[in-house]
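Engineer: Quick one: sequence and predicted model below, then my questions.
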Amino acid sequence: MKAIVAGCGRVGVQIAEMLSMDGHDVVVVDNDRQSFRRLSKFYAGALVEGMAFDEETLVRAGIEEADAFAAVTNFDNTNLMAAEVATQIFRVPRVVSRLYNPDKEQTYAALDIDYVCGTTCMAEEIMERLVSPRLIVRSKFASNKFLLVEFAAPPKWTGQQLVQVERREGLRIAWLARSGEPIIPDQDTVMAAGDRVVAAIRQDRARRLERMLRK
């Protein structure tokens, strides 16, 4: 895979080195030449000096042949513009952007940019260690619009058909753990006491579900 990493800070360095050690063709882009010194001897890729969203710079980095692009500078606006250029102009198949400010999540989602918000991830991780979470987020996909979540089915779901629960709560159940055994449910499955649920759900509906589980 040919990958471009825009931003040679701590996060960019780790991503670039991991990709490089896995054998991928990697190019790191940064407007500060001195930042390249952070890369260790394990990095075997190329370096390009320039702005992350500058088309000429990205062409020199080989973006026209790139399979993946990571915008991980220290500035949300720079990452947003770089991701937009990579997606809309050069049609890179896989584009992921770093996000600092959670307040901008709606902007990223509206532009259909896949992103990772370090602040939110850190807060969720700390919360899981501080308290027993009612709803555990296992993964995010579709530009963070959907979540893969795990939780214990509430007692009031016992005896209800799975399709009724899915329709009412706005989720799609992937599998259940019942008495320690995994079950792939079908349309005739009835929820039982003690079921552990793994399901896909929209991010906005997940907040509502978590409030219900905490009551």
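Structural biologist: Good, I have the coordinates.
Engineer: which secondary structure elements does the lowest-mean-pLDDT helix or strand in the chain contact?
Structural biologist: In the chain, no helix or strand scores lower on mean pLDDT, DSSP states H and E than helix 118-130, which sits at a mean of 76. In this structure, helix 118-130 packs against strand 94-99, with contacts taken as 3 or more C-beta pairs under 8 Å, 6 or more residues apart in numbering; DSSP states H and E. All C-beta spots, glycine's among them, are computed from the backbone N, C-alpha and C.
Engineer: Run through the neighbouring helices and strands of the helix or strand following the strand it packs on.
Structural biologist: Next in sequence after strand 94-99, counting helices and strands by DSSP states H and E, comes helix 105-110. If contacts are counted by 3+ C-beta pairs under 8 Å, 6+ apart, helix 105-110 sits against strand 94-99, strand 114-117.
Engineer: Buried ones in helix 105-110, by neighbour count?
Structural biologist: Applying a neighbour-count criterion of 16 or more other C-beta atoms under 10 Å, one finds 105, 108-109 buried in helix 105-110.
Engineer: what's the closest of those residues to Met127?
Structural biologist: Nearest to Met127, judged by C-beta to C-beta, of these is Glu105 at 17.2 Å.
Engineer: so can I have CSV of the helices and strands packed on helix 105-110 showing mean pLDDT and mean neighbour count?
Structural biologist: Formatted as CSV, those follow (pLDDT from 0 to 100; neighbours: other C-beta atoms under 10 Å):
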stretch, mean pLDDT, mean neighbour count
strand 94-99, 94, 22
strand 114-117, 89, 20
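Engineer: Run through the bridge partners of the residue lying closest to Tyr108 once chain neighbours are set aside.
Structural biologist: In space, and not counting its chain neighbours, Tyr108 is closest to Tyr115: 4.6 Å by C-beta to C-beta, 6 or more residues apart in numbering. Taking DSSP bridges, one finds Ser97 as the beta-bridge partners of Tyr115.
Engineer: thought Tyr115 was touching Gln106?
Structural biologist: No. At 11.2 Å, Tyr115 does not count as touching Gln106 under the criterion of C-beta atoms under 8 Å.
Engineer: Tell me the helices and strands packed up against the helix or strand Arg138 falls within.
Structural biologist: Here Arg138 sits within strand 136-141, counting by DSSP H and E. In terms of contacts (3+ C-beta pairs under 8 Å, 6+ apart), strand 136-141 is packed against strand 146-152.
Engineer: next SSE after the strand it packs on?
Structural biologist: Later in the chain than strand 146-152, the nearest helix or strand by DSSP H and E is helix 162-169.
Engineer: Please list the outside residues in contact with whatever helix or strand comes next after that next one.
Structural biologist: Following helix 162-169 in sequence order, the next helix or strand is strand 171-178 (DSSP H and E). For strand 171-178, contacts defined as C-beta atoms under 8 Å, 6 or more residues apart in numbering pick out 148, 153, 162, 165-166, 182-185, 189, 192, 194-201, 205, 209.
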